[in-house]
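**Q** Starting from these lines, generate the structure:
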Amino acid sequence: MTEHNPSFWREVANKSRANAVEHYRHAHKVENWGMTGTRLEKGAKLPFAMVAGMLLGATSGAVLFISGLTRIVADRTKA
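**A** Take a look at the predicted model:
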């Protein structure tokens with residue numbers, strides 16, 4: 001009567017989940033699992049797109065900030 005035991009089915013689900021993950025890793029030849037989900041694992045390498053996006057955002061923010069400052073300075077010196 002193992003079919004009526006909930007821990008039996010929990011164990012079955014955990015095994016199949018582990019097998020699915022292992023199959024995916026093997027099938028897709030993923031060596032470095034940097035970010036799986038949202039948890040940043042030890043020794044993780046951030047995805048290139050994320051790093052590029054951060055650099056782009058920081059650069060555009062700096063450009064807007066400097067252009068705003070120069071505009072303010074120009075208005076003050078004109079008056």
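**Q** what's the longest helix belonging to the chain packed up against?
**A** Longest helix of the chain, by residue count under DSSP state H: helix 48-78. Helix 48-78 is packed against no helix or strand, with contacts defined by 3 or more C-beta pairs under 8 Å, 6 or more residues apart in numbering; DSSP states H and E. C-beta: built from backbone N, CA, C; applies to glycine.
**Q** Tell me how many other residues crowd residue 59.
**A** For residue 59, the tally of surrounding residues (other C-beta atoms under 10 Å) stands at 10.
**Q** Against residue 8, how distant is it?
**A** According to C-beta to C-beta, to the nearest Å, residue 59 and residue 8 sit 56 Å apart.
**Q** for residue 53, same thing?
**A** 46 Å.
**Q** and what of residue 66?
**A** 65 Å.
**Q** I'd like to know how far residue 47 sits from residue 16.
**A** From residue 47 over to residue 16 the distance is 28 Å, taken as C-beta to C-beta.
**Q** same check, this time on residue 66
**A** Counting by C-beta to C-beta, the gap from residue 66 to residue 16 is 56 Å.
**Q** List the residues that contact residue 71.
**A** Counting by C-beta atoms under 8 Å, 6 or more residues apart in numbering, residue 71 makes contact with nothing.
**Q** Low-confidence stretches in this structure?
**A** 1-3, 9, 23-46, 79 (pLDDT under 70).
**Q** domain ranges for the protein?
**A** When the chain is parsed with automatic domain parsing, its domains come out as 1-32, 45-79.
**Q** related to what we said a few turns ago, report the buried residues of the longest helix of the chain.
**A** Neighbour counts over helix 48-78 (16 or more other C-beta atoms under 10 Å) mark no residue as buried.
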